[in-house]
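In: task: produce atomic coordinates for the following.
(3 chains)
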Amino acid sequence: MEEQNPTFIDSTKLIFGIGQVEKITEVSGRQLRYWEKQGYIQPLEQKKGASRQYNLHTLFMIFHIQRFLNQGFTLQTAVDKARKFDEQIPVLREFLSNQLKGIIVKDDQKLLDFGYLDASHQQRIYGVIKDGKTSFKIDPVSH
DNA sequence: TTTCTGACA
DNA sequence: TGTCAGAA
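Out: Below you'll find the predicted structure:
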């Protein structure tokens, strides 16, 4: 017995060349080199003159910086907002991985099961997605 | 062919 | 920030 089957793809093994990053994020190579020079992004450690490689997280940052630039923010502000957004992702992950108990997909709606409302275990709370709109629903637990 | 660095009719 | 040159 060595390794168990991994649950997730090892994102550290996902690397992208600058050309791929350009296509995916629509940020020019010129910009990517400039942002790097300004210290906003950092490619994987490469030898001098070697082509740049970016990990998934950096690709994510580049994507969002561009997204904020497109919204009219300055580069510095776009970077700040992207970094702030980046900090929020782990929080969302933590909450969801702990609180989301299951997902129920029906024909007309999707239900996110967030488990019991409280310690009394009398009610269960669901996140609802229906007709493109979201809401919450609390149902009594049938024992 | 792609990417790199440096420079600017 | 685009684009071109000359090299890798």
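
In: got the domain boundaries for chain A?
Out: Under the assignment automatic domain parsing, the domains of chain A span A:11-98, A:100-140.

In: which one of those domains is the most hemmed in?
Out: Greatest average neighbour count among those goes to domain A:11-98 (a mean of 14), per mean count of other C-beta atoms under 10 Å. Every C-beta, even on glycine, is put in place using the N, C-alpha and C of the backbone.

In: near DNA strand C, anything from that one?
Out: Yes. Under the criterion of C-beta under 7 Å from any atom of the strand, DNA strand C is reached by domain A:11-98 at A:28, A:30-31, A:34, A:49, A:69, A:75.

In: and the residue nearest the centre of chain A, what pLDDT?
Out: Nearest to the mean C-alpha position of chain A, by C-alpha atoms, centre = their mean, lies A:I89 at 5.9 Å. Note for A:I89: predicted pLDDT of 95.

In: give the helix, strand or coil label for it.
Out: Assigned by DSSP: H, G, I helix; E, B strand; the rest coil, the conformation of A:I89 is helix.

In: which helix or strand contains whatever residue of chain A ends up closest to DNA strand B?
Out: For chain A and DNA strand B, the shortest gap (C-beta to the nearest atom of the strand) falls at A:G19, measuring 2.2 Å. Using DSSP states H and E, A:G19 sits within helix A:18-25.
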